[in-house]
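Enquirer: what shape does this take:
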Amino acid sequence: MRIKICGITKPEQAYSILGMGICTLGFICVPSSPRFVEPSVINKILDNLPREKSYVGVFADSSLKTIIETVEYGKLNAVQLHGQEDPQFCLELKDQLPLLEIIKVFRIKDRHILDTLKTYYECVDTLLLDAYHPQLLGGSGQTINWCELQNFAPPLPWLLAGGLTPKNVTKALTQLNPNGIDLSSGVENSPGDKNIEKIKELLESLTQSSSF
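Expert: Reported below is the predicted structural model:
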């Protein structure tokens, strides 16, 4: 089970989380987000971290130029697209950054949006399903209606996000079979300030359910 902790802003918390065996960290590159981190800060955080882990830059409707410059300066090795990026944009990004994992996010308002995902199967590496919120792109704390995803079985890996916490994650995983999970607000004290004890509780819950 892949576990991604998103919204990292503090170097010491990044080190602690990796030390627990979690291999994917997300850094918000959207200036309007309360979890936004400058590329220079990402660079400093990653400078002392093992390169074999996954470090994801999260963007929303940014230009190719901005994404590429941020990735290169921040030393990121994966990109998460959280906006309205179409398949052609994803293909162009993949052409420019062929060695990076491209994750495309879909905010699930209702089950009908699942039909649109098929057009992305050939142009991204991983899907991420998040809860829909009319004002927030992510980190809203709201959950998806898991019942609508019970038959979801795409031909590429997918991550479940949206209001996951140490207390509800095992319930979600009894209903669904994602390749991984993505948490942000569910393991925070406040936006960008991760609660290490909650992350430990998350891992304990997953261990007890044999999901980690």
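Enquirer: tally of neighbours for the closest residue to Val41 other than its chain neighbours?
Expert: Once flanking residues are discounted, Val41 sits nearest to Thr9: 7.5 Å by C-beta to C-beta, 6 or more residues apart in numbering. Every residue, glycine included, has its C-beta placed from N, CA and C. Thr9: 19 surrounding residues under other C-beta atoms under 10 Å.
Enquirer: so what's the closest residue to Asn145 other than its chain neighbours up against?
Expert: Counting by C-beta to C-beta, 6+ apart, Ile108 is the residue found nearest to Asn145 once chain neighbours are left out, at 7.6 Å. Counting by C-beta atoms under 8 Å, 6 or more residues apart in numbering, Ile108 makes contact with 114, 129-132, 144-145, 148-149, 162.
Enquirer: pretty sure the residue nearest to Val41 sits against Val37.
Expert: Yes - the criterion here is C-beta atoms under 8 Å, and Thr9 meets it with Val37 at 5.2 Å.
Enquirer: and for the two, which residues touch both?
Expert: Here Thr9 and Val37 have Gly192 as joint contacts, going by C-beta under 8 Å, 6+ apart.
Enquirer: and Cys90, what element?
Expert: Per DSSP states H and E: Cys90 is located in helix 87-96.
Enquirer: partners of the helix or strand following that helix, with directions?
Expert: Using DSSP H and E, the helix or strand that follows helix 87-96 in sequence is strand 101-108. Take DSSP bridges as the rule and strand 101-108 pairs in its sheet with strand 78-81 (parallel), strand 126-131 (parallel).
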